[in-house]
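[1] Sequence and predicted structure, then a few things I'm wondering about:
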Protein chains: 2
Amino acid sequence: MAARKKTYFAVLGLLSWKPMSGYDIKKFVEMGISHFWNESYGQLFPTLSRLVDEGLATKEQAQGSGRRKRFLYTITDQGREALEEWLRAPSEPVRTRSELTLKFFLSCRRPPAEAARLLEEHRSQLEERLEEYTESERTLARAVETGALPDEVGHLLQADSEEESALDLRPEALMFYLTLRQGILVLQARLAWCDEAAAALKPNPSNLGAVTQ
Amino acid sequence: MAARKKTYFAVLGLLSWKPMSGYDIKKFVEMGISHFWNESYGQLFPTLSRLVDEGLATKEQAQGSGRRKRFLYTITDQGREALEEWLRAPSEPVRTRSELTLKFFLSCRRPPAEAARLLEEHRSQLEERLEEYTESERTLARAVETGALPDEVGHLLQADSEEESALDLRPEALMFYLTLRQGILVLQARLAWCDEAAAALKPNPSNLGAVTQ
DNA sequence: CTTCAATATATCAAACTGATATATCTAGTG
DNA sequence: CACTAGATATATCAGTTTGATATATTGAAG
């Protein structure tokens, strides 16, 4: 047997916010919460079918833009119960697989330039992401007070019925903001590590003091 | 098609340090580098077979403790070439799936106590790990200067031939130390986030100033 | 002398990834 | 107006990874 059906409950959780299609969910995860979660189509569609089979969600045909087919999935009461149970259950710690850290580690007995190069690659990867996150952070900090989420995720959460009063999305905005802050803090920590590691590997190891603090 | 054979090259990389058995590799990863990497038996044994099939490693029967069967895998020249190529190739960024962060995010419209409880669970999970890491850090900081790695990993790296002069493992110790530092910095960042998030969710949101910095 | 933990290899179902196939509609370009 | 690129939308598949378990031997502790 394998694993704990993370996708299964993740999807259920997202449906508890709003009925969505498979495509919507993918976009939502990608645009909104990719710093701490991810889903692939290959897992998404089978999972949605399974949720329907097991009575935790319902599937209905909806209007896609134009004449495209589009299936909206809605959580059921039974689904909400299952979700709550999962929310209360103990959670797995994060498992990380960092290819760059592994390569760095392995470069131990190789020319010193190699470790340095890997740290540079690592740093530039992190900086690129940090820039994106910092950009989002500004938008979200405003959204926490106004409820105006960026459209990529906002349009999925807004009430679809025409004239209805717009939902107040400030609670959601706060969650987007806070979880993004986590992403930023972790990135900054990783960047700080790059500095530390680079310093420790500098040709002249006057660093030995620094290394042991 | 899927993926980039990370296990394949990870195993090859570890074998480039020292010939090992499947069990050794598992233990090495678990004891030594689990803060940034992990491998499961289910992937390890098939991968080892494949490395042998493709000429990147050789398999030979060796003496297990007592009369147990034990297979030692040794990297070949072709293996070293393939490894170097991989080391130079661009690397995938880390993808994280944090169950606790997801639950926290989803708890948006639920009783506030729930988000608080999840943050507490998160914090205690992180603190537990941080304690272990901090313990290791002390040992490794010493090992950086003496080369005396903790036995769990050290015995795998020491020359097996009886009277041979012991290898100087200080370069390896430095890598263990530095990558562990990464793990510590990231844990600390996550803990700092728990504080930040808890503060932002405190009943009286005099935090709005704090939230927007 | 028995039971427990460590050593050691191996396999499997289930979960997950990354790529790709298919098709429709929208907007912009020449 | 025709063409094309990109967004919308569902779906599948091979390859990768996980977590659990099966099996067997040995060493140490009680």
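    Happy to help now that I have it. Numbers count the residues shown, from 1 in each chain, chains lettered A, B, ... in the order given.
[2] quick one: low-confidence parts of chain A?
    The model of chain A has pLDDT under 70 over residues A:1, A:159-165, A:204-213.
[3] wait, doesn't A:Gly64 sit right on A:Asp24?
    No. Distance between A:Gly64 and A:Asp24: 10.6 Å, which falls outside the contact criterion (C-beta atoms under 8 Å). Bear in mind the C-beta positions are built from the backbone N, C-alpha and C, glycine included.
[4] now the angle between helix B:170-201 and the one helix or strand A:Leu191 maps to, please.
    Assigned by DSSP states H and E, A:Leu191 belongs to helix A:170-201. Here helix A:170-201 runs at 160 degrees with respect to helix B:170-201, directions being taken by axes from the mean of the first three to the mean of the last three C-alpha atoms, to 10 degrees.
[5] Strands of chain A, residue ranges please.
    In chain A, the strands defined using DSSP state E lie at A:57-63, A:69-75.
[6] export those strands to JSON lines and tack on mean neighbour count and distance to chain B?
    Supplementary listing: the strands of chain A in JSON lines, determined by neighbours: other C-beta atoms under 10 Å in any protein chain shown; distance: least, C-beta to the nearest C-beta, whole Å:
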{"stretch": "strand A:57-63", "mean neighbour count": "14", "distance to chain B": "15"}
{"stretch": "strand A:69-75", "mean neighbour count": "18", "distance to chain B": "12"}
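[7] Could you export those as a markdown table, including distance to DNA strand D?
    Formatted as a markdown table, the strands of chain A follow (distance: least, C-beta to the nearest atom of the strand, whole Å):
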| stretch | distance to DNA strand D |
| --- | --- |
| strand A:57-63 | 8 |
| strand A:69-75 | 4 |
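[8] and of those strands, who's closest to B:Ala197?
    Ranking these by proximity to B:Ala197 (C-beta to C-beta) places strand A:69-75 first, at 25.5 Å.
[9] quick one, helices of chain A?
    In chain order, chain A shows helices spanning A:6-17, A:22-32, A:41-53, A:77-88, A:99-106, A:112-146, A:151-157, A:170-201, A:208-211, with DSSP state H as the criterion.
[10] ok, and which of those helices has the densest surroundings?
    Mean neighbour counts were compared across the helices of chain A using mean count of other C-beta atoms under 10 Å in any protein chain shown; the top stretch is helix A:99-106, at a mean of 24.
[11] So stretch A:13-27, near DNA strand C or not?
    No. No part of stretch A:13-27 sits close enough to DNA strand C to count as contact by C-beta under 7 Å from any atom of the strand; the gap is at least 9.8 Å.
[12] Between its first and last residues, what's the separation in that stretch?
    Using C-alpha to C-alpha, to the nearest Å, one end of stretch A:13-27 lies 15 Å from the other.
[13] what's the neighbour count on A:Ala3?
    Close neighbours of A:Ala3, defined as other C-beta atoms under 10 Å in any protein chain shown, add up to 8.
[14] Report the contact partners of the spatially most central residue of chain A.
    Centroid-nearest residue in chain A, with C-alpha atoms, centre = their mean: A:Ser34, separated by 2.5 Å. With contacts taken as C-beta atoms under 8 Å, 6 or more residues apart in numbering or on different chains, A:Ser34 has no neighbouring residues.
[15] for A:Thr146, same thing?
    Under the contact definition (C-beta under 8 Å, 6+ apart), the residues listed for A:Thr146 are A:Arg170, A:Ala173.
[16] Tell me the spacing between the residue of chain A found nearest chain B and A:Ser91.
    Evaluated by C-beta to the nearest C-beta, chain A has A:Ala189 as its residue closest to chain B, separated by 3.6 Å. To A:Ser91, A:Ala189 is 21 Å away according to C-beta to C-beta, to the nearest Å.
[17] got it, and A:Leu72?
    Here the distance between A:Leu72 and A:Ser91 works out to 29 Å (C-beta to C-beta).
[18] try A:Glu132
    Counting by C-beta to C-beta, the gap between A:Glu132 and A:Ser91 amounts to 27 Å.
[19] Same check on A:Ala141?
    Between A:Ala141 and A:Ser91 the distance is 28 Å, computed by C-beta to C-beta.
[20] ok, now A:Leu157?
    To A:Ser91, A:Leu157 is 25 Å away according to C-beta to C-beta.
[21] got it, and A:Arg80?
    Shown here: A:Arg80 relative to A:Ser91, a distance of 19 Å by C-beta to C-beta.
[22] do the same with A:Glu131
    Counting by C-beta to C-beta, the separation of A:Glu131 from A:Ser91 is 30 Å.
[23] For A:Arg129, give me its contacts.
    A:Arg129 neighbours (C-beta under 8 Å, 6+ apart): A:Leu187, B:Pro93.
[24] now do 10 Å
    Neighbour list for A:Arg129: A:Ser34, A:His35, A:Gly183, A:Ile184, A:Leu187, A:Arg190, A:Leu191, B:Pro93, B:Val94 [criterion: C-beta atoms under 10 Å, 6 or more residues apart in numbering or on different chains].
[25] Thanks again, I'm all set now.
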